[in-house]
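[1] give me a model of this one.
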Amino acid sequence: MAFEPKNLNFEQSPCTGLTREHWMDAARYMLEGIFRHVKDMDSPVLVPRMETEITYPNAHTPEWKKNAEVFEGLARSFFIAAPLLYNDPEAVAGGIPLREYYKEQILKAVTPGNPNYVLGYDEMAMMQEEEDGPRKPGDNIPVFQQTVETCGLVIGLWACREAIWDTYTKEEKDRIADFLSVYAHKNTVPQNWRLFNMLDLAFLHMNGYPIDKDVMRNHAQAINAWYAGDGWYRDGHAFDYYSPWAFQLYAPLWCLWYGDEEEPYLAKCFAERSNLLMKTYDRMFDEEGWVNMWGRSGIYRNAATAAFTGNLFLKDASVNPGLARRISSGALMQFLGRDDWMYEGAPVLGFYRPFTPLIQSYSCAESPLWLGKAFLCLCFPADHPFWTAREENGVWEELKAGETGEAVLDGPGLAILNHKDNGTTELRSGKVIRDPNDDNGMCCYAKLSYSTRYPWEAIREGSVQAQTYMLTESDTKGRLFPNAIMWAGEKDGVLYRREYFQYVSQREAHWLYGMELADIPVKEGILRADKLRTYRGGFTLSLGSYGFPADSPVEELHLEKDGAKAIVLKGLDSQGRKKQMAMTVFAGWQELFLEEGRETNPDADRSLVIGASLNWEKLYGYQPFVLVSQVITRESWEDFDEDEIFSVKEISFCDGGCGGYGPVRIQMKDGREITVDYEGMDGRLQI
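    Down below sits the predicted model:
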């Protein structure tokens, strides 16, 4: 059952109607669903599970890891419960008083011998060694999921300090602190996990417990070193929402708890970067405040809005509070406003409905509750600007009809399009390397673009993939996918990137198939003028549109004009909202067709992809290198104009028609003249 807020206030919140009281109601709504499965005060937070093979615990999970699920349920549900308890210490869910429940369960979690004890670091390491054998030279030092959850625990204890932490005896506080201290000082994963240790250490320090400040400084300098620019941090090879929901939430909290006093230089760096992120971060969301399905851990959904809250924890916050609340509330309702994103009261492992291609093996049924950090805004009192400011909608109020706004961020290699006419945001990434065998990872990161209204489609059987080039070699019949995208930046209105198929660093680039990517914004989508980089012929190449939901009847329209071909689809998504999409091919492509998929779309059992294809038969034939196509979308059934579908007036190639060398000149029907020039990209490529 969807969350239905009552008594909406469109005077204070003209975009969403949601106020602080509605957020409190949303927290209660989520906790009621979760605590439906907590039988009594002694039972842990464990929710029903629809998937049992990818996520843990499963048949392959070692004994020493299985109890981590209990800690995830406790700590991640606490992200929602703690802000509620800050405001309502007598809150109840499922008939259980939350203050008493979490107070007791936290003590049980850190007390050896208790059935709900989640094990200390040293005990886990010993169990792992007994099961796997002694650690050999070169083996990784063990790390455990509990490190992540200790951070959620300390954030919750801080958020509702008076309700729980302050009520413990000294002995109880010491017991909790001893447990936390071991995890805080021990080994962690050398990426965003360092922040978990930093906040554990900061919590201990501000409560008078001793810490090793060199350990703290080591972690903090590493976080500082991963900064890439424009407010974004690199987390491994990738850029994704871990920057806003980890780096840009935890670092501001660390400044507040520890850094401002103990490490002012680093605190100043972290604060400045949070404020830099706020200059463009609102552009990542669409006109309704919706989050894009992009990057790993999409099951955390609207946790992406936590970066706004993080900024407001700073002494010199820069975010517009009315805009921050508008986006946070819009993203909240993107999910809570649906009746298919929960399973028996708890968020499913998916983005909307259950969707296994999205989930990773490090998750369990309780992992999606990490989205609860979006509720930390309830730690702001009722008179805080986040709650008192009137909602604003940022760039969406500034754009005029027919306009598309663009933000290009060279630091993380991200380009953001905000289309006024359809209210959609499209995101394109350009610093991506994934394992060539990781199909789902490529979907998370290496699609050509990501739309807030068309969540990515999984790899499917058939001859075309959504928002992805696919190359099928004629001799091997092997299907090759781009797994690396390099960034070359924007020039004269064109975004340049390069992608490689089946990229591995050991193989020199001249033995790899690739594409020079050149994106040109149009008012409700993107025009592509991409160029093949191929060392031989003997393959078929295809490109797909976004996946189009097709559980309801879909109207198809096939059009041709002046040699260009188009297919237009009209239909409904799973929530009954009207959808329309058109794909047009202008040059290079030989065929345009429609292909069906099953269980590959996060929003629909059945989906359609419009596909374009071509054959390169000769080993060294001179065929079209430049492939010009367009995908536009609309959130209504109002027909596209002919000039919107066939937006290109003329294309000129230096070589007379194939585009093997020289610039490509495109004259648009809206009057723009665009020159696409791929030469010199090698000198600008970044990864």
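
[2] tell me the pLDDT at the nearest residue to Leu369 once chain neighbours are set aside?
    Spatial nearest neighbour of Leu369, excluding adjacent residues (C-beta to C-beta, 6 or more residues apart in numbering): Arg76 at 3.5 Å. No exception for glycine: its C-beta is placed from N, CA and C like everyone else's. pLDDT for Arg76: 98.

[3] for Arg76, give me its contacts.
    Each residue near Arg76 by C-beta atoms under 8 Å, 6 or more residues apart in numbering is listed here: 149, 152, 366-367, 369-370, 372.

[4] now list the buried members of these.
    For the contacts of Arg76, a burial check counting by 16 or more other C-beta atoms under 10 Å picks out 149, 152, 366-367, 369-370, 372.

[5] which of those residues fall in helices?
    149, 152 (DSSP state H).

[6] and which of the buried ones among the contacts of Arg76 is nearest to Leu512?
    Ser367 (35.8 Å; C-beta to C-beta).

[7] what about that closest one, distance to Glu638?
    Distance of Ser367 to Glu638, given as C-beta to C-beta, to the nearest Å: 41 Å.

[8] do the same with Glu130
    Counting by C-beta to C-beta - Glu130 and Glu638 are separated by 66 Å.

[9] again with Pro368
    From Pro368 to Glu638 the distance is 36 Å (C-beta to C-beta).

[10] who has more neighbours out of those two?
    Pro368 (28 against 10; other C-beta atoms under 10 Å).

[11] which residue ranges form the helices in the stretch 351-500 of the chain?
    Counting by DSSP state H, counting those that start in this stretch, the stretch 351-500 of the chain has helices at residues 385-388, 395-398, 439-445.

[12] other SSEs contacting the last one?
    The contact analysis (3 or more C-beta pairs under 8 Å, 6 or more residues apart in numbering; DSSP states H and E) places helix 439-445 against strand 482-491.

[13] in the strand it packs on, what counts as buried?
    482-489, 491.

[14] which residues make contact with it from outside it?
    Here strand 482-491 has contacts from 406, 408, 410, 413, 415, 429-436, 438, 442, 445-446, 468-469, 495-503, 514-515, 517, 677, 681, 684-687, using C-beta under 8 Å, 6+ apart.

[15] hmm, 7 Å instead?
    408, 410, 413, 415, 429-436, 442, 446, 468-469, 496-503, 515, 681, 684-687 (C-beta atoms under 7 Å, 6 or more residues apart in numbering).

[16] with stretch 91-101 instead?
    28, 31-32, 35-36, 38, 41, 81, 84-85, 89, 163-164.

[17] what would the residues you listed look like in CSV with neighbour count and secondary structure?
    Formatted as CSV, those follow (neighbours: other C-beta atoms under 10 Å; DSSP: H, G, I helix; E, B strand; the rest coil):
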residue, neighbour count, secondary structure
Arg28, 19, helix
Leu31, 24, helix
Glu32, 14, helix
Phe35, 23, helix
Arg36, 16, coil
Val38, 22, coil
Met41, 12, coil
Ala81, 31, helix
Leu84, 25, helix
Leu85, 25, helix
Pro89, 15, coil
Ala163, 23, coil
Ile164, 24, coil
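
[18] which of those residues sits closest to Glu524?
    The nearest one, if we look at these relative to Glu524 and count by C-beta to C-beta, is Arg28, at 39.0 Å.

[19] what's the spacing between the closest one and Tyr352?
    When Arg28 is compared with Tyr352 (using C-beta to C-beta), they lie 22 Å apart.

[20] how about Ser647?
    Counting by C-beta to C-beta, the gap from Ser647 to Tyr352 is 31 Å.

[21] list the helices and strands whichever strand in the chain runs longest packs on?
    Counting residues, the longest strand found in the chain (DSSP state E) is strand 604-616. Here strand 604-616 touches strand 539-544, strand 548-549, strand 591-601, going by 3 or more C-beta pairs under 7 Å, 6 or more residues apart in numbering; DSSP states H and E.

[22] name the strands paired with that strand and say parallel or antiparallel.
    Partner strands and pairing direction for strand 604-616 (DSSP bridges) are strand 539-544 (antiparallel), strand 548-549 (antiparallel), strand 591-601 (antiparallel).

[23] which parts of it are buried?
    Result for strand 604-616 [16+ other C-beta under 10 Å]: buried residues 604, 606-614, 616.

[24] same question, stretch 174-188
    Residues of stretch 174-188 classed as buried: 175-177, 179-181, 183-188 (neighbour count, 16+ other C-beta under 10 Å).

[25] doesn't Met581 make contact with Ser636?
    No: applying C-beta atoms under 7 Å as the test, Ser636 and Met581 come out as separate, 11.8 Å apart.

[26] between these two, which one's more packed in?
    Neighbour tally, Ser636 and Met581, criterion other C-beta under 10 Å: the higher count belongs to Met581, 27 against 12.

[27] tell me which element the more buried one falls in.
    strand 578-587 (DSSP states H and E).

[28] can you check Met24 too?
    helix 20-35.

[29] rewinding a little: just give me the closest of the buried ones among the contacts of Arg76 to Phe593.
    If you rank those by distance to Phe593 using C-beta to C-beta, Ser367 comes first, at 38.8 Å.

[30] right, and that closest one touches Glu69 too?
    No: look at Ser367 against Glu69 with C-beta under 7 Å: they stay out of range, at 8.9 Å.

[31] any weak-confidence spans in this structure?
    By pLDDT under 70, the chain contains no weakly predicted segment.

[32] domain map for it?
    According to automatic domain parsing, the chain comprises the domains 23-396, 399-683.

[33] with distance to Ala2 as extra columns, can I get these in JSON lines?
    Shown next, in JSON lines, are the domains of the chain (distance: least, C-beta to C-beta, whole Å):
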{"stretch": "domain 23-396", "distance to Ala2": "4"}
{"stretch": "domain 399-683", "distance to Ala2": "10"}
